[in-house]
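S.K.: pasting a predicted model and its sequence here:
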Amino acid sequence: MSRSSSLRYYILARLLLAPLMLWLITTLVFLLLRATPGDPVDALLGPRAPQAAKDELRALLGLGKPLGSQYFDYLGSLLKLDLGSSLTSQGQSVWEIIQTFFPATVELAVYSMAIALTVGIAIGILSASRLNSPLDAGGRLFGILTYSVPIFWLGMLLQLIFSVQLGWFPLGTRFPVTLPAPEGPTGLYTIDSLLHGNLVQLFTALYYLALPSLTLGILISGIFERIVRVNLKQTLRADYVEAARARGIPESRILIAHALKNALIPVITILGLTFAALLGGAILTEVTFSWPGLANRLYRAIAQRDYPTVQGIVLFFAAIVRSPVF
């Protein structure tokens, strides 16, 4: 089978399996929300509200129907691409919530990925080029630590050091309330401020973005460090590299111009999977830094028992991860 045929087969298989996977995820989330303790009516009215008021609101929200009827009503709405309306945001539709909060998550993910690639590739190159040295041992230790350290712990540690003790960065949020936030078509503050040529807004957005993106980027960078180190180590032992050394080519040029290009191919391969892991880590990062992204909004919806918002955001994230791009 040719390479192009294999790619078409892979994309076709992903497209055919995507509806099944999304249905399974939708069903699982629907059942888990209703199986866990807590009642959205109590979250809205409070546990001491009159029972008559609770019954009236439950009927208004459709929560008084049998579970099967609720499930098939929800599936029918999904077939019409209707994710429903939030129970806690004054009837705001879930699509409007996604449109409002998702750009912040995208911006955090993009800059975190840039930091992860830069740090991971750099440490991987240094480790592979100095095998069995203290620098190599430090690189391997870095990969182990970034894989095992809890992201919320690292985020609070960086906040304690750089925000509380040193005062270099803000504790959280995305933009100061004392300044007007950038407005534009993308919803990405750094891009919109560039489009308007407002350097004050640009550097302010980067200033508030620095610590959360650094936290998430450092933890993801360990994946790239291990991949680059292993593949570059094997590439440096290849015959064509030995031939380049025999021709007297400097070691630094061999490393950059010959070995590194082939060692970076697996990095490109796993970018999509890493982005999916990054979306999962964004939930804890956004909560830790009070970042107003979609993952933080999902956390709030879970705490408030907002069934439609939780189901819609989880399904939205699942659709991104299950797309053929990733």
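M.R.: Cool, the structure landed.
S.K.: residue boundaries of the helices in the stretch 201-326 of the chain?
M.R.: 239-246, 251-253, 260-263, 265-269, 271-288, 294-303, 307-321 (DSSP state H, counting those that start in this stretch).
S.K.: how does this protein divide into domains?
M.R.: Recorded structural domains for the chain (assignment: automatic domain parsing) are 3-79, 94-321.
S.K.: tell me the spacing between the closest residue to residue 302 other than its chain neighbours and residue 215.
M.R.: Nearest-residue entry for residue 302: residue 310, 5.6 Å, with adjacent residues in sequence omitted and distances by C-beta to C-beta, 6 or more residues apart in numbering. To be clear about C-beta, it is placed using only N, CA and C from the backbone, and glycine gets the same treatment. If you measure residue 310 against residue 215 using C-beta to C-beta, to the nearest Å, the figure is 25 Å.
S.K.: was I right about the residue nearest to residue 302 contacting residue 29?
M.R.: Yes: applying C-beta atoms under 8 Å as the test, residue 310 and residue 29 come out as touching, 6.9 Å apart.
S.K.: of those two, who's got more company?
M.R.: When neighbours are counted by other C-beta atoms under 10 Å, residue 310 and residue 29 differ, and residue 310 comes out ahead with 25 against 18.
S.K.: let me see the contact set for the nearest residue to residue 146 once chain neighbours are set aside.
M.R.: With sequence-adjacent residues excluded and distances taken as C-beta to C-beta, 6+ apart, residue 146 is closest to residue 222, at 3.0 Å. Each residue near residue 222 by C-beta atoms under 8 Å, 6 or more residues apart in numbering is listed here: 120, 142-147.
S.K.: in the chain, where is pLDDT below threshold?
M.R.: For the chain, the stretches flagged by pLDDT under 70 are 1-7, 10, 258, 276-277, 279-281, 322-326.
S.K.: ok, residue 46 to residue 230 distance?
M.R.: Counting by C-beta to C-beta, the separation of residue 46 from residue 230 is 56 Å.
S.K.: and the two? Which one has more around it.
M.R.: The residue with more neighbours, out of residue 46 and residue 230, is residue 230; 15 against 10, by other C-beta under 10 Å.
S.K.: spit out the contact partners of the residue nearest to that one when sequence neighbours are not counted.
M.R.: On the basis of C-beta to C-beta, 6+ apart, the spatially nearest residue to residue 230 that is not a chain neighbour turns out to be residue 128, at 8.0 Å. By C-beta under 8 Å, 6+ apart, the contact set of residue 128 is 136, 228-230, 232-233, 236, 263.
S.K.: one more time with 6 Å, if that's ok
M.R.: The neighbours of residue 128, taking C-beta atoms under 6 Å, 6 or more residues apart in numbering as the test, are 229, 232-233.
S.K.: surely it is in a helix?
M.R.: Yes: secondary structure assignment (DSSP: H, G, I helix; E, B strand; the rest coil) places residue 128 inside a helix.
S.K.: before we move on, back to that, for the domains of the chain, which one sits closest to residue 86?
M.R.: Go through the domains of the chain one by one with C-beta to C-beta and the one that ends up closest to residue 86 is domain 94-321, at 4.8 Å.
S.K.: distance from the closest one to the middle of the chain?
M.R.: Taking C-alpha atoms, centre = their mean, to the nearest Å, one finds domain 94-321 lying 9 Å from the centre of the chain it belongs to.
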